[in-house]
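Participant: with the sequence up front, the predicted model follows.
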Amino acid sequence: MNFYAKLELPYCSEQMFRESQFKSSTTWSSIISCFIQNELPLRGLEYFKLMLRNDGMFPDDYIFPCATKACAMMNDYCFGQSVHCLAVKVGFEGNVFVGSSIVDMYAKCGNLRDARKVFDEMPERNVVSWSGMIYGYAQMGEDEEALKLFKDALWEGLEVNDFTFSSVIRVCGNSTLFELGKQMHGLCLKLSYDETSFVGSAVISMYSKSGMIEGAYRVFNEVSDKNLGMWNAMLIACAQHADTKSVFELFKKMENAGMKPNFITFLCVLYACSHAGLVKEGKHYFSMMKEYGIEPGSQHYASMVDLLGRAGKLQEAMKLIEEMPMQPTESVWGALLTGCRIHGNTELASSVADRVFELGPVSPGLHVLLSNAYAAAGRYQEAAKARKMLKDRGQKKETGLSWVEEGNRIHTFAAGDMTHEFSEEIYRKLEELGEDMERAGYVADTSYVLKEVGAEEKSQTIKYHSERLAIAFALITFPPERPIRVMKNLRVCGDCHVAIKFMSKCTGRIIIVRDNNRFHRFENGKCSCGDYW
DNA sequence: TTAATGTCAT
């Protein structure tokens, strides 16, 4: 039966299963895992139910992990919970295999609270349980928790492995914790984890997101047997660094190497086209997807709408949305509204707002965009109504925060923050630098104070936006040759973008700022995004 | 016969 499963012949296995007269636990777990291996989790679960109902067979430490994995694959939290209950009932929740797989299932369904509860109550934990929990936090963007747990794992003397590292390195990349990420990469090399494994792509991405495209290339070039993840990671690295030419070259090289692009590959390429304003090329790659037998997903459509919208082809973007075979997602509308804002098409934007609000509640981010669209079109009543709706639901925009890594510490700043121990020096540095910047031709553009709706932009705080405080702190404490990496949870405002260009010029430093939607590497008065953002 | 990983983006 396993023989057939490995050959991807689940129905042959099924036939054999039916014919076998004595069904042991092994027989049952084999048939369930056979369907899982062949990506038929629903069929797997059907057999799981059949076993419980007709055979009077109790699941064991082999069968439970199969069942939970099927739930995880289907993102079926409810059924996963019943499997968990059953495991408790028949006394298998203490088993390390069963426990770990339940943790993994909850984490994959996005329920970290349940995952953590099971994890904390496990009588015995091993590297799989720990890695699963860390992965869960990383997956949901809970970077701090992921790192905390990793530290706990080391404290417990756990021997971590490449599974653990791939999650931790990913967290470092996402939060621009370059120093830590570099250490982790070093550790992987020391423990001789193969870079061709999953660690490789995470390392490439981490270097890229920290502004070190050279480091990303080094890892990429050193490995001769590159997997698809590494190609994709390198593609997006070039795209993030606005090196569109290399993106196209890499894509060609990839095809020549016989590597088949997947849906993520096309997201990378479309992302590159949209941020470089290359409409013709974008359309070319979008239609190429069909040749590779890949159906464009909503994310690909969002990318295309972004591309067309930024280029001012708003009607064409709208037409593409109408043609979508699925419901347009929030990112698709968001992309269209961004295009409308850039090109001042208030009419289309406000009609989009009418349409989207009719469909039902939207996320706070999109809600703000939509109410701004009304305001821009002069429909102030609707704008006020939309804002009130948001307020009534108690949804607030996130507080703008920037952070910077220094030694083993992460220093976090909010706009106008005076709480940092070096506050006095930071503000003095900003004053001093401000004078240099003005001499170099910088003029503060206070219009952003009025344009941007949000907590940070009130009154005179523009001079002290969180990213500026973080940069000033780094200027004071970092050695002169060290690039400054700042991460921000909101979008950098237009004035800060200009200001940081001047900062890089006046100080001769490389300043890398990652905000929630773009990547900026400032060097000698220029930004890698080419002001196209 | 057992369990877990990466690469996109919002």
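Facilitator: Arrived safely, thanks for sending. Residues are numbered from 1 along each chain as shown, chains lettered A, B, ... in the order given.
Participant: for the stretch 401-533 of chain A, which spans come out with low pLDDT?
Facilitator: A:446-461, A:533 (pLDDT under 70).
Participant: ranges for the strands of it?
Facilitator: Ranges of strands in the stretch 401-533 of chain A, per DSSP state E, counting those that start in this stretch, are A:401-406, A:409-414, A:484-488, A:511-514, A:519-523, A:526-527.
Participant: helices or strands next to the fifth one in the packing?
Facilitator: Helices and strands touching strand A:519-523, by 3 or more Cβ pairs under 8 Å, 6 or more residues apart in numbering; DSSP states H and E, are helix A:494-507, strand A:511-514. Using the backbone N, CA and C atoms, a C-beta is placed for each residue, glycine as well.
Participant: between those, which gets nearest to residue A:404?
Facilitator: For the helices and strands packed on strand A:519-523, the distance to residue A:404 is smallest for strand A:511-514, at 10.1 Å, taking Cβ to Cβ.
Participant: ok, and what's touching the closest one?
Facilitator: The list of residues contacting strand A:511-514 from outside it, by Cβ atoms under 8 Å, 6 or more residues apart in numbering, reads A:176, A:209-211, A:467, A:471, A:483-488, A:492, A:500, A:503-504, A:519-523.
Participant: that one: partners in the sheet, and parallel or antiparallel?
Facilitator: strand A:484-488 (parallel), strand A:519-523 (antiparallel) (DSSP bridges).
Participant: so how far is it off the chain centroid?
Facilitator: Relative to the centre of its chain, strand A:511-514 is centred 17 Å away, using Cα atoms, centre = their mean, to the nearest Å.
Participant: now check it, is it near DNA strand B?
Facilitator: No: in terms of Cβ under 7 Å from any atom of the strand, no part of strand A:511-514 sits within range of DNA strand B; the closest distance is 10.3 Å.
Participant: same check, this time on stretch A:49-64
Facilitator: Yes: counting by Cβ under 7 Å from any atom of the strand, contacts between stretch A:49-64 and DNA strand B involve A:61, A:62.
Participant: contacting residues for the residue of chain A found nearest DNA strand B?
Facilitator: Proximity of chain A to DNA strand B (Cβ to the nearest atom of the strand) peaks at residue A:229, 1.8 Å away. Residue A:229 sits next to A:198, A:200, A:201 when contact means Cβ under 8 Å, 6+ apart.
Participant: cool, residue A:326 as well?
Facilitator: By Cβ under 8 Å, 6+ apart, the neighbours of residue A:326 are residue A:298.
Participant: can you put the strands paired with strand A:511-514 in JSON lines and add distance to DNA strand B and mean neighbour count?
Facilitator: Shown next, in JSON lines, are the strands paired with strand A:511-514 (distance: least, Cβ to the nearest atom of the strand, whole Å; neighbours: other Cβ atoms under 10 Å):
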{"stretch": "strand A:484-488", "distance to DNA strand B": "13", "mean neighbour count": "25"}
{"stretch": "strand A:519-523", "distance to DNA strand B": "7", "mean neighbour count": "23"}
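Participant: and the strand or helix carrying residue A:231 with strand A:519-523, angle?
Facilitator: For residue A:231, the element it lies in under DSSP states H and E is helix A:228-240. Helix A:228-240 runs at 50 degrees relative to strand A:519-523, counting by axes from the mean of the first three to the mean of the last three Cα atoms, to 10 degrees.
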